[in-house]
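Trainee: Mind looking at a prediction? Sequence and model below.
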Amino acid sequence: MVGNTIRFLICFSLLLLAVIGYRFKEYFFEKNFLVATTLPCDPAKHLCFTIECPEDETCERGPYKKIVAPRFQVPECLEERTCQDFTCRPELGCREISCSYLDRMKGEICVGEDN
Amino acid sequence: MNPFVFVQYCYDFFVHQVPPLLVFSSHILPALLGLLFSGSILYRVCKDHKSKKLEATLLFYVCILFALWSLFDLGSWTLFGGAPLIMATWAPVDLLGMSMFFFAYYFLYAFLTGKDLPTWQKITGLLILLPTFVTTFLGLNLTIYNIPVCEADEHTGIIISYVYMVKAFFLILILVFGFIESRKVKDSLTKREMVSVTVTTFVFLFTFFCATFVASFLANYEGLENAYVYGLYGLFSMPLFLLFFGYLLIKYDPFQLKLITAQFLVWGLIAVVASQFFFVTDSVGFFLNILTFVLVSIFGARLIHGIKIEISTANQNQTKLIYTFTHQLKGRLSKLKNIFAEMKGGDYGVVPETMSGFLKQGEEEVNTGIAYVDTVIKRSSAMTSAVFTRQTLNISKMVSDIVSVLRHRAEAKSVALTLTVSPAVYTFDADQIQLTEAFYDIVENSITFTTKGSISISLDADEHNIIFTVKDTGIGLTKEDLEKLFKPGGRAEDSLLYNVNSTGLGLVFTKSVIEAHDGKIWAESEGKGKGSTFFITLPKKV
């Protein structure tokens, strides 16, 4: 009886380890997943996101654009938010998201022009 | 690229959200306690060959899953470890949580019924878990890593809803199954035990469920974005579960591990009090915690000591009672055997033809009774390793007497039985009845398992030990036989072909008696059909 159970537990554990191991390979070692972040945006050139600021408050955050890119294609500094001159290159899978009705989150508004 | 990073920005974000110590203690402490507790139960159950091995194994597995869940969930909390670490550890969290719920049900099933889960239920369980296995494998449960908030975005649709539905299903199943099973039992004590274990398992999982589900549900509402933090307190459901489970183990003692449970509870309590030192900020709190720590340690040690004495006294009394009863009974039966033998031999006149059949039957019944009492004596001695009355024995004479008694049995099988005694002093303080029985059993075993050839018995002594050796040309022993020979039920592979009445306890008894006399016993064999040699050494008086 215990032998059967142990065999079942071993099989289940192997299955579990296979799934966890595969995810670790994909995410941890190959960094094969998408990251989303924001970069400063010039409202004179693009349609940018900005936070809707209540009238009686001062909002420090300026206009921004959103980008989505594969993690293995972007430098470490992007995650640490220390990149000085990062450019989103579409040929590396990076995608810029301009402000639109669909992409706005709660509290966000669009500013600037769409060129 | 080094996958291990430290993201200062996320560390600041993390520290701002939640006390780091709470995150680490809520994940590590319960997981370690669970593993230690269930691991000790499993170790003792396996070591002492107790029943409930299935239940202990499953409890340990549930705790392993909980520990893995805690470890991976902790990974997803340590925001400063970088996106790859967070994604890799977060991804299997739901799968591990669901698996834990399924195996908690499996454990409860085994505990309440004493049986393994039916195959159809195992397959159904796997099928229920399968969608989450697939979504985790394909990485569908996490959609993206959101750098500004240092965390992954979880899939909000059917994938995550399915996880919560499955957990809720197992919760209901545990409650319903537990109460249905307990209703089948008439004995009120067993019924109470079953209900208690069901409720304890349910409460543990329910608290865990609330910690994850309710927290993530509340976090969707404005102003409650940090509700995840409260979920951390739900992880302390494991120590609560262990506390209740420990209480049940002491009360009902299903694993017969009263002492180890008490030890664990005391150590667990000491660990919990000690962990408070990390949270105490003022001097009064620090002083009170030191006082609590000292008091808990002292009273805990006294409690364990008290239980040890209680168990030891109860065992000794029980053993003495069995020993006295069985020896009295054996004495009476032996006298009866002699009376039958004398009657059959005509000591009281010629036995009528009509009566001799009854006398023979009576003698056989008495012999069966003596053999049964012998088994009880051996079983009792084997389990307790008790030595009752010591007296100075001449081992050489004892061995000679045994050989004389058994010689005709060997000769009847045409097996040569020789005894060689080297010149030495062979006096030894021992329990005469038990030691004679142990040596007798070894020689008798050799005769039983030797069909041709010879048995050479020798008695020798070196500076420190008396050495008794029985070498035969019998059926021999395989490597596997040698490993289990002195364990309960660990008879040799072919032993039942030669001795159908073998209980598998004879050598356990012998080992127990020899070890109770500070001696050693072991066997050697070159393999099947190549004979075997048994060695016993007894320490000489210093």
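Mentor: Thanks, I have the structure now. Numbers count the residues shown, from 1 in each chain, chains lettered A, B, ... in the order given.
Trainee: per-residue confidence at residue B:379?
Mentor: pLDDT, residue B:379: 63.
Trainee: Next: the one 3 residues further on.
Mentor: On pLDDT, residue B:382 comes in at 54.
Trainee: what does chain A put close to chain B?
Mentor: Contact residues, chain A versus chain B (C-beta under 8 Å from any C-beta of the partner chain): A:1-2, A:4-6, A:8-9, A:12, A:15-16, A:19-20, A:22-24, A:26-29, A:31, A:33-38, A:68, A:71, A:76, A:78-81. (C-beta placed from N, C-alpha, C; glycine too.)
Trainee: Please give me every residue in contact with the residue most central in space within chain A.
Mentor: In chain A, the centroid-proximal residue (C-alpha atoms, centre = their mean) is residue A:36; its distance is 1.8 Å. For residue A:36, the contacting residues are A:66-68, B:144-147, B:153, by C-beta atoms under 8 Å, 6 or more residues apart in numbering or on different chains.
Trainee: out of the residues you listed, which is most surrounded?
Mentor: Neighbour tally across the contacts of residue A:36 (other C-beta atoms under 10 Å in any protein chain shown): the maximum, 25 neighbours, falls on residue B:145.
Trainee: mind exporting the helix or strand harbouring it as PDB, just the C-alpha atoms?
Mentor: For residue B:145, the element it lies in under DSSP states H and E is strand B:142-146. Provided in PDB are the C-alpha atoms of strand B:142-146 (Å, rounded to 0.1, in the frame of the first residue of the first chain):
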ATOM      1  CA  LEU B 142       1.900  35.500 -15.700                       C
ATOM      2  CA  THR B 143       1.400  37.900 -18.600                       C
ATOM      3  CA  ILE B 144       4.100  40.400 -18.100                       C
ATOM      4  CA  TYR B 145       6.600  41.800 -15.700                       C
ATOM      5  CA  ASN B 146       5.700  45.400 -14.700                       C
END
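Trainee: Go through chain A and flag its longest helix.
Mentor: In terms of residue count, the longest helix belonging to chain A (DSSP state H) is helix A:2-23.
Trainee: Quick check: next helix or strand after it?
Mentor: Immediately after helix A:2-23, counting by DSSP H and E, sits strand A:34-40.
Trainee: Let me know the average pLDDT across that next one.
Mentor: The pLDDT scores in strand A:34-40 average 90.
Trainee: In the stretch 101-250 of chain B, what residue lies closest to chain A?
Mentor: residue B:147 (3.8 Å; C-beta to the nearest C-beta).
Trainee: Surely that residue is in contact with residue A:80?
Mentor: No. Contact between residue B:147 and residue A:80 fails when scored by C-beta atoms under 8 Å: they sit 9.1 Å apart.
Trainee: Residue B:148 touches residue A:35, doesn't it?
Mentor: No. Assessed by C-beta under 8 Å, residue B:148 is found out of contact with residue A:35, at 10.3 Å.
Trainee: Below-threshold pLDDT in chain A: ranges please.
Mentor: For chain A, the stretches with pLDDT under 70 are A:1, A:56, A:114-115.
Trainee: ugh, wrong one, I meant the stretch 1-150 of chain B
Mentor: B:1-4, B:48-51.
Trainee: So which residues of it form helices?
Mentor: B:8-17, B:20-47, B:53-77, B:83-90, B:93-113, B:119-138 (DSSP state H, counting those that start in this stretch).
Trainee: Could you point out which of those helices sits nearest chain A?
Mentor: Closest among the helices of the stretch 1-150 of chain B, using C-beta to the nearest C-beta: helix B:83-90, at 3.9 Å.
Trainee: okay, now the residue lying closest to residue B:520 once chain neighbours are set aside: neighbour count?
Mentor: In space, not counting the residues next to it along the chain, residue B:520 is nearest to residue B:537; the distance is 5.0 Å by C-beta to C-beta, 6 or more residues apart in numbering or on different chains. Applying other C-beta under 10 Å, we find 20 other residues in the vicinity of residue B:537.
Trainee: In three-state terms, how would residue B:537 be classified?
Mentor: Secondary structure, DSSP: H, G, I helix; E, B strand; the rest coil: residue B:537 is strand.
Trainee: and it, what does it touch?
Mentor: B:465-468, B:519-521.
Trainee: Show me just the buried residues among those residues.
Mentor: B:466-468, B:519, B:521 (16 or more other C-beta atoms under 10 Å in any protein chain shown).
Trainee: Residue B:178 contacts residue B:195, correct?
Mentor: Yes. Proximity of residue B:178 to residue B:195 meets the contact threshold set by C-beta under 8 Å, at 7.0 Å.
Trainee: Among these two, which residue is more densely surrounded?
Mentor: residue B:178 (24 against 17).
Trainee: Residue B:430 contacts residue B:517, doesn't it?
Mentor: Yes. If you go by C-beta under 8 Å, residue B:430 and residue B:517 touch, sitting 5.5 Å apart.
Trainee: Who has more neighbours out of these two?
Mentor: Neighbour count, other C-beta under 10 Å: between residue B:430 and residue B:517, residue B:430 has more, with 24 against 21.
Trainee: which residues touch that one?
Mentor: Contacts of residue B:430 were listed using C-beta under 8 Å, 6+ apart, and they are B:387, B:390-391, B:393, B:517, B:538.
Trainee: can you pick the most crowded of these?
Mentor: Going by other C-beta under 10 Å, residue B:538 tops those with 23 neighbours.
Trainee: mind listing what that one touches?
Mentor: For residue B:538, the contact set (C-beta under 8 Å, 6+ apart) comprises B:395, B:428, B:430, B:465-466, B:468, B:514, B:517-519.
Trainee: Identify the spatial nearest neighbour of it, chain neighbours not counted.
Mentor: residue B:519 (4.2 Å).
Trainee: Over to residue B:179?
Mentor: Per C-beta to C-beta, 6+ apart, closest to residue B:179 is residue B:198, 6.7 Å.
Trainee: any residues touching the helix or strand the one you found falls within, and which ones?
Mentor: Taking DSSP H and E as the criterion, residue B:198 maps to helix B:188-209. Helix B:188-209 is contacted from outside by B:97, B:100-101, B:104, B:107-108, B:111-112, B:164, B:167-168, B:170-171, B:174-175, B:177-179, B:181-183, B:185, B:234-235, B:237-238, B:240-241, B:244-245, B:248, B:251-252, B:254, using C-beta under 8 Å, 6+ apart.
Trainee: Let's see which of those residues end up in helices.
Mentor: Checked against DSSP H, the contacts of helix B:188-209 include these in helices: B:97, B:100-101, B:104, B:107-108, B:111-112, B:164, B:167-168, B:170-171, B:174-175, B:177-179, B:181-183, B:234, B:237-238, B:240-241, B:244-245, B:248, B:251-252.
Trainee: Buried among those? Make that a PyMOL selection.
Mentor: To isolate the buried members of those in PyMOL, using 16+ other C-beta under 10 Å:
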select buried, chain B and resi 97+100+101+104+107+108+111+112+164+167+170+171+174+175+177+178+181+182+234+237+238+241+244+245+248+252
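Trainee: that older thread, which secondary structure elements does the strand holding residue B:145 contact?
Mentor: Counting contacts by 3 or more C-beta pairs under 8 Å, 6 or more residues apart in numbering or on different chains; DSSP states H and E, strand B:142-146 is packed against strand A:34-40, helix B:83-90, strand B:151-154.
Trainee: State the phi and psi torsions of residue B:6.
Mentor: Per-residue torsions, residue B:6: phi -130, psi 110 (degrees, to the nearest 10).
Trainee: Roughly how far does it sit from chain A?
Mentor: 9 Å (C-beta to the nearest C-beta, to the nearest Å).
Trainee: And residue B:327, by the same measure?
Mentor: Applying C-beta to the nearest C-beta to residue B:327 and chain A gives a distance of 37 Å.
Trainee: what about that residue, helix or strand, and which?
Mentor: helix B:283-344.
Trainee: pLDDT averaged over that helix - what is it?
Mentor: Mean per-residue pLDDT for helix B:283-344: 78.
Trainee: After that helix, which helix or strand is next?
Mentor: Counting by DSSP H and E, what follows helix B:283-344 is helix B:353-384.
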